[in-house]
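Colleague: This is a predicted model, with the sequence first.
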Amino acid sequence: MIGILTKVCDENDMITTLLANNAGPFTGPGTQTHVFGDQDTCVVIDPGPSLPEHMEAIYSAIGHRKLCGILLTHRHGDHAGAALTLQVNLNTSIMAFPILPSDHYRIPEGRFYTDFDYEAIHEGDEITVGSLTLSVVHTPGHCFDHVAFVCKQTGDLFVGDTIMAWSSTAIVQPEGNMEAYRQSLRKLYHIDVQRFHPTHGDIIHDPKARIVQLLAHRRKREEELFSRLGAEPMGLSELRKIIYPQLPENLYAGAETSLLSHILDLNDRGIVTWSKKGVVKQENAQCDPMIWNL
């Protein structure tokens, strides 16, 4: 159902979740915008794509309340596409993790929205939302600028694209990094909350168990990839055909860039060598499954 998806999170009446009409292979059921706050004050977390009906739903969810800002988990278009329009129409600030000059080579053409002024937020910053407080958690991996927002008063953590219930997270190039993703999962595991709120898909009511599942999934994918490699270079398309033999064509590019993220991680660990010719296994190299432990 497009529009108001839910207004109640267990015993709390602090979250209105709005589903955008942008379902697809990489967005699942669509982008979910969270309007979080008390009776008088709120913030918008991930305003989503610039769709008129979705923005109208956001205006309705805010209602009479004071808007403290627009919070971005990251700058992908399905999360930040409506940010500038809402910023102008509501005369409010956008808060996002900063992009440093050294990060500009990692901004993918056409996938990042950067055409707005913003207030930089960092690990540990606190955002006051009326009687509530959101703390910023830097969670790179899916993107270098990715953050999550935790409210310890209510036990809710808005995880963006770092964790989803319906799928594993896409770690794509050039903005993604597998080692950073591992570290972010570990960091989130040790935050004591009751619920994860992804920007795509259902609420996760057993956060720690989901993180354990995701680490196990990535370890299995790494082991499968490593087992296919040898002394002769193999390209991404060749590996994709072997590891994802029945994948729909519209997911080829996503699968190949996800494999590339695993390969670059193995390359950084000295287990494989990656070049334009393809990837080869280092002689006598072995994967250490312990790297995927908590």
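Modeller: Okay, I see it. Numbering: from 1, shown residues only.

Colleague: so where do the helices sit in the stretch 1-150 of the chain?
Modeller: Ranges of helices in the stretch 1-150 of the chain, per DSSP state H, counting those that start in this stretch, are 52-62, 77-80, 83-90.

Colleague: Find the one among these with the highest mean neighbour count.
Modeller: The highest average neighbour count among those, using mean count of other CB atoms under 10 Å, belongs to helix 77-80 at a mean of 23. Yep, even glycine has a C-beta here, placed from its N, CA and C like the rest.

Colleague: for that helix, packing partners?
Modeller: On a contact count with 3 or more CB pairs under 8 Å, 6 or more residues apart in numbering; DSSP states H and E, helix 77-80 meets no helix or strand.

Colleague: circling back to that earlier point, let me have the helices of the stretch 1-150 of the chain in CSV, extended by mean pLDDT.
Modeller: Converted to CSV, the helices of the stretch 1-150 of the chain look like this (pLDDT from 0 to 100):
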stretch, mean pLDDT
helix 52-62, 95
helix 77-80, 96
helix 83-90, 97
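
Colleague: Out of these, the one nearest residue 17 is which?
Modeller: With CB to CB as the criterion, residue 17 lies closest to helix 52-62 of these, at 8.9 Å.

Colleague: Show the contacting residues for residue 89.
Modeller: residue 55 (CB atoms under 8 Å, 6 or more residues apart in numbering).

Colleague: Distance of it relative to residue 62?
Modeller: 11 Å (CB to CB, to the nearest Å).

Colleague: what does residue 238 give?
Modeller: Residue 238 is 50 Å from residue 62, by CB to CB.

Colleague: which regions of the stretch 151-294 of the chain sit below the pLDDT cut-off?
Modeller: Within the stretch 151-294 of the chain, no range satisfies pLDDT under 70.

Colleague: So which residues of it form helices?
Modeller: 178-189, 207-228, 236-243, 252-268.

Colleague: Could you tell me how far stretch 174-186 lies from the centre of the chain?
Modeller: In terms of CA atoms, centre = their mean, to the nearest Å, the centre of stretch 174-186 is found 10 Å from the chain centre.

Colleague: among the helices of the stretch 151-294 of the chain, which is nearest residue 145?
Modeller: helix 178-189 (11.2 Å).

Colleague: Same list (the helices of the stretch 1-150 of the chain) but as a markdown table, adding distance to residue 122.
Modeller: As requested, the helices of the stretch 1-150 of the chain are exported to a markdown table (distance: least, CB to CB, whole Å):
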| stretch | distance to residue 122 |
| --- | --- |
| helix 52-62 | 26 |
| helix 77-80 | 18 |
| helix 83-90 | 19 |
